[in-house]
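In: Build me a model:
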Amino acid sequence: MFWLHILIFIAAVLFLFLSSEWLVKSLTKIACFLGWREFVLAFFIMAFVGSLPNLFVGINSILRGIPELAFGEIVGGNIVDLTIAVALAAIISKNGLTIKSRTVQGTAIFTLIVAILPLLLIHDRVLSRMDGLILLFTFFAYAFWLFSKGERFTRVFEETEKAVGFKDILKNLGILFSSLILLLLAAEGMVRSAVFFSDALNFPIVLIGILIVGMGNALPELFFGIQAAKKGDDWMVLGGLMGAVISASALILGIIALLHPIHIGNVDFSLLAVARFFLIVAAVFFLLFIKTGHKITRKEGIILLIIYLSFVVTQVLVV
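Out: Below is the predicted model:
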């Protein structure tokens, strides 16, 4: 039974990986017609793609009476996005990740605020419906800021990029909906496996969410970042990663809290304290690296990797 659930979890992660890759390809082709900049395009594509697993896991967690799993996996996923995903992209990129755009700089500050906000709101051990409204308002406030000026999001695409026929659109829509079904199945498999591992290993469900499910759900944006870094699309790397963090922390947690307030009264708060500390550290270092020299170098990427490894070791020792 134990090995069966391991296989289910591996298959679920694989489905997430493949379906997210298909989603990126289909959405990118469709979104070209919008004429958005690479950063904004990547931001909303990965905000959509990266947040779907979070949303499906969150809904499944609510239905199973363990909404704290949703909170834990989003916190864990954010740490992965701001450390491992950024680090690997910076290391793989030839000259590190270069960021000089004011829009990217402003979004980096917003990413720091949004990553920390849920941790502040749940300090009373409850993420209430009012907290959910605050998170949703924060997400839409950023979207309004981003689209308030045309130069922040518009881009002129080449004619060859926009030359997509009606059959191509139908094909990509079919791929999109098929991928959504795979994501839903994968999320169900991950939740079932997480509950089993929690019971079998006597680990708190929140810890399973932070370390295991969080890593699994962060794979889409991690893969996207690596692929974009190989092509030298630095804006797309950071747009994708920041989109995933902001959408998960604000939009998805906001929706989940509205559907069912998240109570963590029966959870060992030291587990969340460790995650909260390292998420703040990761977010601050991420912002500092972007602000200093407008670039994330390979050495800085290694520092982010060390932060994540330190987080995992500390989190396990606290159990």
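
In: Spatially central residue for the protein, please.
Out: Centroid check for the chain by Cα atoms, centre = their mean gives Ala244 as the closest residue, at 3.4 Å.

In: mean confidence for whichever strand or helix holds that one?
Out: Using DSSP states H and E, Ala244 maps to helix 234-246. Across helix 234-246, the average pLDDT comes to 85.

In: neighbouring contacts of the following helix or strand past that helix?
Out: For helix 234-246, the succeeding helix or strand toward the C-terminus, using DSSP H and E, is helix 253-259. Applying Cβ atoms under 8 Å, 6 or more residues apart in numbering, the set of residues contacting helix 253-259 from outside is 55, 58-59, 61-62, 67, 70-71, 74, 118, 127-129, 131-136, 138-139, 262. The way it works is simple: take the backbone N, C-alpha and C, and place the C-beta from them, glycine included.

In: Quick one: name whatever helix or strand follows the helix or strand bottoming out on mean pLDDT in the chain.
Out: Taking mean pLDDT, DSSP states H and E as the measure, helix 159-162 is the helix or strand of the chain with the lowest mean score, a mean of 49. Downstream of helix 159-162, the first helix or strand assigned by DSSP H and E is helix 166-200.

In: Packing partners of that next one?
Out: Helices and strands touching helix 166-200, by 3 or more Cβ pairs under 8 Å, 6 or more residues apart in numbering; DSSP states H and E, are helix 2-31, helix 38-63, helix 67-80, helix 205-208.

In: Distance to Leu304 for the ones you listed - can I get that in TSV?
Out: Listed next are the helices and strands packed on helix 166-200 as TSV, based on distance: least, Cβ to Cβ, whole Å:
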stretch	distance to Leu304
helix 2-31	22
helix 38-63	18
helix 67-80	10
helix 205-208	22
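
In: Looking at these, which one is packed in the most?
Out: Using mean count of other Cβ atoms under 10 Å, the stretch among those with the greatest mean number of neighbours is helix 67-80 (a mean of 28).

In: low-scoring pLDDT stretches of the stretch 101-250 of the chain, where are they?
Out: Segments of the stretch 101-250 of the chain classed as low confidence (criterion: pLDDT under 70) are 149-166, 169, 183-184, 187, 191.

In: now with 50?
Out: Regions of the stretch 101-250 of the chain meeting the criterion pLDDT under 50 cover residues 156-157, 159-161.

In: one step back: mind giving me the packing neighbours of the helix holding Ala244?
Out: Under the contact criterion of 3+ Cβ pairs under 8 Å, 6+ apart, helix 234-246 touches helix 38-63, helix 86-92, strand 97-98, helix 102-121, helix 219-230.

In: Ser178 is nearest to which of those?
Out: Distances from Ser178 to each of these were compared using Cβ to Cβ; the minimum, 13.2 Å, belongs to helix 38-63.

In: Next up, the contacts around His123.
Out: By Cβ under 8 Å, 6+ apart, His123 lies in contact with nothing.

In: does it count as helix, strand or coil?
Out: Under the three-state scheme (DSSP: H, G, I helix; E, B strand; the rest coil), the conformation of His123 reads as helix.

In: and the gap between it and Ala250?
Out: 17 Å (Cβ to Cβ, to the nearest Å).

In: Please save the CA atoms from the helix holding Ala244 in CSV.
Out: C-alpha atoms of helix 234-246 as CSV (Å, rounded to 0.1, in the frame of the first residue of the first chain):
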residue,chain,number,x,y,z
ASP,A,234,15.0,36.7,-18.4
TRP,A,235,11.8,38.7,-18.3
MET,A,236,9.8,35.5,-18.8
VAL,A,237,11.6,33.7,-16.1
LEU,A,238,10.8,36.3,-13.4
GLY,A,239,7.4,37.0,-14.8
GLY,A,240,6.5,33.3,-14.5
LEU,A,241,7.9,32.9,-11.0
MET,A,242,6.5,36.1,-9.6
GLY,A,243,3.1,35.4,-11.2
ALA,A,244,3.0,32.0,-9.5
VAL,A,245,3.9,33.4,-6.1
ILE,A,246,1.4,36.3,-6.3
